[in-house]
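Student: Here is my input, please return the structure:
(4 chains)
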Protein chains: 2
Amino acid sequence: MDTKQHILNAAELLFSHHGYKATSMRAITESAGVNLAAVNYHFGSKKALIESAMERRLRPLNEIRQKRLNELSEASRRTGQKTAVQDILRSFIEPVLLLKESRKGEADFSALIGRAFIDPDDTVQKIFLRLMKPVSQLMLDMLGDALPELPEDVIFWRYQFVIGALARIMRMYKNPRYESLQKAFKTDVESLMDGLIYFTSAGMEAPMKKKNRHRNKY
Amino acid sequence: MDTKQHILNAAELLFSHHGYKATSMRAITESAGVNLAAVNYHFGSKKALIESAMERRLRPLNEIRQKRLNELSEASRRTGQKTAVQDILRSFIEPVLLLKESRKGEADFSALIGRAFIDPDDTVQKIFLRLMKPVSQLMLDMLGDALPELPEDVIFWRYQFVIGALARIMRMYKNPRYESLQKAFKTDVESLMDGLIYFTSAGMEAPMKKKNRHRNKY
DNA sequence: CTGATTTTAAAACATCCGTTTTAAACTTCT
DNA sequence: AGAAGTTTAAAACGGATGTTTTAAAATCAG
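Tutor: Numbering: from 1, shown residues only, chains lettered A, B, ... in the order given. You can find the predicted model right below:
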């Protein structure tokens, strides 16, 4: 009965490394040690398999995020103080990187999420947007409340900057492909996470400046 | 003789939309209105074609970046003042987004670069890293000089945050796939670019805080 | 035990892929 | 005009892909 889990684990690992298109059913089933037909038997199709793999990780992750964000809103209502931008970002960023460390035995599933952010396949993108939509909307609402002086579109794009930065380090951190770039840095997850939170908090709270204050020739 | 250009334009567009693996030779040649065999005749292989497509855009772009960065260094040497972080980031970010607007007739090649950042294919990644290496090293050096109080690994990761944020908006901006998320925002490129520069400048200059100043339950 | 479900093995399916080949037409330049 | 280079058309290549089928074996629940 754990054939499904074996398949999901193998799919998660291969998909996070090579992307959707380049991960074949034969590679998945061989890596999982099961028969080729098992995937279609249990999941129906490759598309349904990758959807299951993404949901297995993204659903509980986003539930944690929403719970933490709701706790922040409640505390704000209780104390009458505005929620700090840094706490909002921390609620969004911390869970994915901490879960990464807490399950060392399993396949690296924060890489799966990092891959889902950017996989070029339309199927993957649609699944991902659907799974992220509730927490994304909540983030935008809370950031809007925390930064009332910023217009809606500025909040939106700054949130996208955060997403982009997070997605990048989810793929880079401890990824052998990028080891050559990282010299001898032995940065631990907590430091990297805190670094990202400080960076994005400062960026989120940066003032808007007037345009055309700087000429350029290109 | 402009068959090669037609092929490159078609490859650029399709590759930026669907990624390397999902862009077939047949799709490229049909979109370019040329024969299937023309790609192998002119370029030798699919891999060599995508390499040409990337080099065509990335080489002049990074030359502009390096030239602007060198001008900043020279000005700093001349005046004895430290180079501003914002000017460094502007030299890196502005060229790609401004070139995007200046050639409306051609295929959208900033999307090509945005895609190259994140395509899962190993071939694409190797080509991209090779083309980006010189300007990346220059950026790290200059950021290190501008922020002497930050350790090397913090500079490195913050630079990666910038890369991630930039790559994300290069793919999102004016991409029909993400239109539904952007409500009625009619943000122009200059505003978006300035927004990214202010965001990343603030993040780059953010102070480092001590660790473990915040408990969490997950 | 029995019946239902799960899993395996092996083969075949149609389809797509990058690439190559062949021969004929077209263009360009000397 | 003639040679060289370019482009087209059509077909085929070997291989990989997702999916399906068939039948036998293994597992498990009532």
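
Student: List the residues that contact residue A:8.
Tutor: A:49, A:52-53, A:56 (Cβ atoms under 8 Å, 6 or more residues apart in numbering or on different chains). C-beta here means a position set from N, CA and C on the backbone, and glycine is covered the same way.

Student: Just give me the least confident of those.
Tutor: Lowest in pLDDT among the contacts of residue A:8 is residue A:56, which has 91.

Student: State the distance from that one to DNA strand C.
Tutor: Taking Cβ to the nearest atom of the strand, to the nearest Å as the measure, residue A:56 falls 17 Å from DNA strand C.

Student: Secondary structure element holding the closest residue in space to that residue that isn't next to it in sequence?
Tutor: In space, residue A:56 comes closest to residue A:8 once its chain neighbours are excluded; the distance is 6.2 Å by Cβ to Cβ, 6 or more residues apart in numbering or on different chains. For residue A:8, the host element (DSSP states H and E) is helix A:3-18.

Student: what's the spacing between that helix and its chain's center?
Tutor: Chain-centre distance of helix A:3-18: 18 Å, with Cα atoms, centre = their mean, to the nearest Å.

Student: just stretch A:138-157 next, same as before
Tutor: For stretch A:138-157, the distance to the chain centre is 20 Å (Cα atoms, centre = their mean).

Student: In helices, which of the contacts of residue A:8 fall?
Tutor: A:49, A:52-53, A:56 (DSSP state H).

Student: which one of these has the most neighbours?
Tutor: Neighbour counts for the ones in helices among the contacts of residue A:8 (other Cβ atoms under 10 Å in any protein chain shown) peak at residue A:53, which has 27 neighbours.

Student: for residue A:19, what are its contacts?
Tutor: Here residue A:19 is in contact with A:115, A:119-121, B:19, B:21, B:119-121 (Cβ under 8 Å, 6+ apart).

Student: which residues of chain A fall in strands?
Tutor: Applying DSSP state E to chain A gives no strands.

Student: any idea how far residue A:115 is from residue A:67?
Tutor: Distance, residue A:115 to residue A:67, using Cβ to Cβ, to the nearest Å: 25 Å.

Student: out of these two, which sits in the busier spot?
Tutor: Comparing residue A:115 with residue A:67 by other Cβ under 10 Å, the one with more neighbours is residue A:115, at 26 against 14.

Student: Excluding chain neighbours, what is closest to the more buried one?
Tutor: Leaving aside its sequence neighbours, residue A:115 sits nearest to residue A:16 (Cβ to Cβ, 6+ apart; 4.6 Å).

Student: pLDDT on the helix holding residue A:8, on average?
Tutor: Mean predicted confidence for helix A:3-18 is 92.

Student: And it, what's buried?
Tutor: A:4, A:6-18 (16 or more other Cβ atoms under 10 Å in any protein chain shown).

Student: so does that helix get close to DNA strand C?
Tutor: Yes. Residues of helix A:3-18 contacting DNA strand C under Cβ under 7 Å from any atom of the strand: A:3-4.

Student: okay, residue A:108: pLDDT?
Tutor: pLDDT at residue A:108 comes out at 67.

Student: residue ranges for the helices of chain A, please.
Tutor: Under DSSP H, chain A gives helices at A:3-18, A:25-32, A:37-42, A:46-79, A:85-102, A:109-118, A:122-146, A:152-172, A:189-204.

Student: So which of these is the most surrounded?
Tutor: helix A:109-118 (a mean of 24; mean count of other Cβ atoms under 10 Å in any protein chain shown).

Student: what packs against that one?
Tutor: helix A:3-18, helix A:46-79, helix A:85-102, helix A:122-146, helix A:152-172 (3 or more Cβ pairs under 8 Å, 6 or more residues apart in numbering or on different chains; DSSP states H and E).

Student: Can you tell me which of those helices has the worst average pLDDT?
Tutor: Across these, helix A:85-102 gives the lowest mean pLDDT, at a mean of 85.

Student: Report the angle between that helix and helix A:189-204.
Tutor: Using axes from the mean of the first three to the mean of the last three Cα atoms, to 10 degrees, the direction of helix A:85-102 lies 150 degrees away from that of helix A:189-204.
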